[in-house]
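[1] Sequence and computational prediction follow.
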Amino acid sequence: MLKKSIRFLLVLTAFALAACQKAPANNPGEMDTTSKEVKQVVYTSFFPIYDLTQSLAGPDFDVRSFMPLEAEAHDWEPSAKDIKELSQADLLVVNGAGMEAWLPKVQEALPDLKVLDLSQGLDLIKASHHHDDADEDHDHDHDDAEEAHDHDHDDAEEAHDHDHDEAEEDHEGHHHHHHGPNDPHSFLSLSNAIQYVDKINQALGELNPDKKAAVNDRAQALSKDFKDLLDQYKEVFAQKKNKTFIVPHQAFGYLARDFGLEQYPLQGLTSVSEPDLKTIQEAIAACKTLGIKTVFYEFGGPSKGAEAIAKEAKIEAAPLATMEMKVPGKDGQDLHYKDLMEMNLKNIAESLGQ
C-alpha cells in the first residue's frame, strides 16, 4: 500500500508539471476537419462503458477510453500522461460501484472533472466472500457430493498439476482483489444496461443540446433491443428446472438476479489465477449432484481449469464474457455489448438443459 501511495504521489507531481504545458482550456474538443465542428470529448472507463457510450454518441462526440480497452479492468492504474489527457475531457463516464479502483485518485487530481457514475441509484448487490456464498447455497448438497468429491480427488489433482504452471504464466500480475462494499459487476445486467443507456442519453444531451435528438434516437433503439432480449430470456429461463451455472469468478450476480438464476463461482469478485485443487474437486462434486452440464471459463482467457472439471465430470466447457476487457471475435471482428450479452444468455440457457 505504501509503494502504491508513493507511486501515486509521483504521478500527481508529474501531472502537475505536465499540466503547465497543456492545451488551452477553451479548446477541449476534437476538431472535425470536414465540418469545422468542435466535438465534446467524452472519456469512458473500460470496455462496456465505452461501447455503450459510443453507441449513443455516434459521430457527434469524440468518445475515448481512459484505460486501454484490452487491459484488465481490475488491475489497471493511470499514469501521469493518462491523467493529463483526461484533464481535457468534458465528461468521464464510469461504471462505479467500486469497479474503477483508480477513480478516487483521479478525482483528487482533477477535482473539476465532470463524472457520470452509472451505478448511482441502482440496487447494488452487497459484496461477500464467494466461499461463504457457496457454503450457504450448497450446504444441502454436501453429503451427497462428498462421495463424488473423494472419487474424483486423484484425477482432479493430476489435471490441476498439469495446469498450474500455465495458469501462473497466463495470470502473472493479476493479483488485485476487490475490497468495496458492493459487487462491482453491475454492467453485466440487461436491466441495469437499460438504465445506463438512459443516464448516458441524458448526460450527452445536456453536454450538447444540438445533438440531443440524434442521441435520443440511438438510445431508444438500443434500449428496445435490450428490453426485447431481457423479455426473451426471462421466458426462456422461467421454463428451466435447473437454475445453477458454474462461472469462472463471481461476476454474474446481477445477470443471475435478472433471471432468477444462481451462479456457482469458482473464484471471488476478481479472477486471480486458475482455480485451486480444492475448488476443482468441489466443483466436480457439485456438477454431479446438481446435474450441471456445463462449466464456464472467461471468454478470451485460459480454459484449463474449466476443461479439467469438464473432463472429470463428463460435461462441457464453454465461454462466458465478463467484459472486463475487450476481446475480439473470430477473425478479429469487433463484438459489442449486445453481442456479448446475447452470447452469455444463449450459452447459459443451453447449459441448463430442458
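    Arrived safely, thanks for sending.
[2] How about the contacts made by residue 207?
    With contact set as C-beta atoms under 8 Å, 6 or more residues apart in numbering, residue 207 has these partners: 40, 42, 61, 90, 91. For glycine as for every other residue, the C-beta is placed from the backbone atoms N, C-alpha and C.
[3] Walk me through the domains of this protein.
    Here the domain assignment for the chain is 2-120+185-226, 130-182+240-351, based on automatic domain parsing.
[4] sorry, back to before: which among the contacts of residue 207 gets closest to residue 309?
    Among the contacts of residue 207, residue 42 lies closest to residue 309 (C-beta to C-beta), at 41.8 Å.
[5] Now for the closest one, which secondary structure element holds it?
    strand 41-44 (DSSP states H and E).
[6] Which secondary structure elements does the next helix or strand after that strand sit against?
    With elements assigned by DSSP H and E, the helix or strand that comes after strand 41-44 is helix 47-57. Packing partners of helix 47-57 (3 or more C-beta pairs under 8 Å, 6 or more residues apart in numbering; DSSP states H and E): strand 41-44, strand 62-65, strand 91-94, helix 190-207, helix 212-238, helix 337-351.
[7] Which of the contacts of residue 207 ranks first by neighbour count?
    Among those, residue 42 has the most neighbours (other C-beta atoms under 10 Å), with 27 neighbours.
[8] so where's this structure uncertain?
    Across the chain, residues meeting the criterion (pLDDT under 70) sit at 1-36, 129-179, 269-273.
[9] ok so, going back, just put the domains of the chain in a markdown table and tack on distance to residue 232.
    Formatted as a markdown table, the domains of the chain follow (distance: least, C-beta to C-beta, whole Å):
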| stretch | distance to residue 232 |
| --- | --- |
| domain 2-120+185-226 | 10 |
| domain 130-182+240-351 | 8 |
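[10] before we move on, the earlier item: from the chain's centroid, how far away is the strand holding residue 42?
    Taking C-alpha atoms, centre = their mean, to the nearest Å, one finds the center of strand 41-44 at 19 Å from the center of the full chain.
[11] export it as PDB, just CAs?
    Taking Å, rounded to 0.1, in the frame of the first residue of the first chain, the C-alpha atoms of strand 41-44 are listed here in PDB:
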ATOM      1  CA  VAL A  41     -14.600  14.900 -25.600                       C
ATOM      2  CA  VAL A  42     -16.200  12.100 -23.600                       C
ATOM      3  CA  TYR A  43     -13.900   9.700 -21.800                       C
ATOM      4  CA  THR A  44     -15.100   6.300 -20.600                       C
END
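[12] Give the pairing partners of it; include direction for each.
    Counting by DSSP bridges, the strands paired with strand 41-44 are strand 62-65 (parallel), strand 91-94 (parallel).
[13] Nearest to residue 237, out of the ones you listed?
    Smallest distance to residue 237 across the strands paired with strand 41-44 (C-beta to C-beta): 29.8 Å, for strand 91-94.
[14] Report the buried residues of that closest one.
    Across strand 91-94, burial judged by 16 or more other C-beta atoms under 10 Å covers 91, 92, 93, 94.
[15] Kindly report the same for stretch 224-240.
    Those would be 225, 226, 229, 230, 233, 236, 237, 240, for stretch 224-240 by 16+ other C-beta under 10 Å.
[16] Over to stretch 345-352?
    For stretch 345-352, the neighbour count (16+ other C-beta under 10 Å) marks 345, 347, 348, 349, 351, 352 as buried.
[17] show me the contacts for residue 212.
    204, 205.
[18] what about 6 Å?
    residue 205 (C-beta atoms under 6 Å, 6 or more residues apart in numbering).
[19] can you redo the buried residues of stretch 345-352 as CSV with distance to residue 203?
    CSV is the format used below for the buried residues of stretch 345-352 (distance: C-beta to C-beta, whole Å):
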residue, distance to residue 203
345, 28
347, 33
348, 31
349, 34
351, 37
352, 37
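[20] now, among those residues, which is nearest to residue 100?
    Nearest member of the buried residues of stretch 345-352 to residue 100, counting by C-beta to C-beta, is residue 345, at 25.7 Å.
[21] you'd agree the closest one is up against residue 233?
    Yes: the criterion here is C-beta atoms under 6 Å, and residue 345 meets it with residue 233 at 4.7 Å.
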